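> coordinates only, sequence not included:
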């Protein structure tokens, strides 16, 4: 069931992933470096992994989340997010890569109201020129 959710999202966004000139290993490496910078709470590192015209669709506010466009908006979001979530970290459960697209199924951990808390979700990434150009986030629940 879990894999089928990722696969359905993956198929929805994979039309451009069939370009044989895109190396899925390089796409995977970009996403892994992005996630490592995120888990270090390294705003500069995260933004160095994103294009200047990047798009980030957050999961809040419900039901559709906020859409942030461009490095200035996205950087401001990450700065505020990391300041408010000092122990935030993502654990990758699964990663499916095809061409310039990547779907990551994750668990987000943090402390909420003094207690351990987690949330599960999926990110749909697009990579261009060795950087994340889109990060579209979805959550369970």
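Now that the structure is in, tell me what you want to look at. The structure displayed is predicted, hence computed values, not measured ones. Numbering: from 1, shown residues only.
> lowest-confidence helix or strand of the protein?
None of the helices or strands of the chain scores lower by mean pLDDT, DSSP states H and E than helix 2-13, at a mean of 52.
> List the buried residues in the helix or strand that that helix is followed by.
Reading on from helix 2-13 to the C-terminus, the next helix or strand found by DSSP states H and E is helix 24-39. The neighbour-count check on helix 24-39 (16 or more other CB atoms under 10 Å) flags 24, 27, 28, 30, 31, 33, 34, 35, 37, 38 as buried. In short, each C-beta sits where N, CA and C put it, glycine included.
> starting at the chain centroid, how far to helix 24-39?
Relative to its chain's centre, helix 24-39 lies at 10 Å (CA atoms, centre = their mean, to the nearest Å).
> most remote residue from the protein's center?
residue 114 (25.8 Å; CA atoms, centre = their mean).
> Quickly note the distance from it to residue 86.
13 Å (CB to CB, to the nearest Å).
> Helix, strand or coil: sort out residue 76 for me.
helix (DSSP: H, G, I helix; E, B strand; the rest coil).
> for the strand ranked longest in the chain, which positions count as buried?
Of all segments of type strand in the chain, defined using DSSP state E, the longest is strand 115-128. Within strand 115-128, the residues scored as buried using 16+ other CB under 10 Å are 121, 122, 123, 124, 125, 126, 127.
> For the fifth one, give me its contacts.
Read that as residue 125. With contact set as CB atoms under 8 Å, 6 or more residues apart in numbering, residue 125 has these partners: 27, 31, 34, 101, 102, 103, 104, 132, 134, 135, 136.
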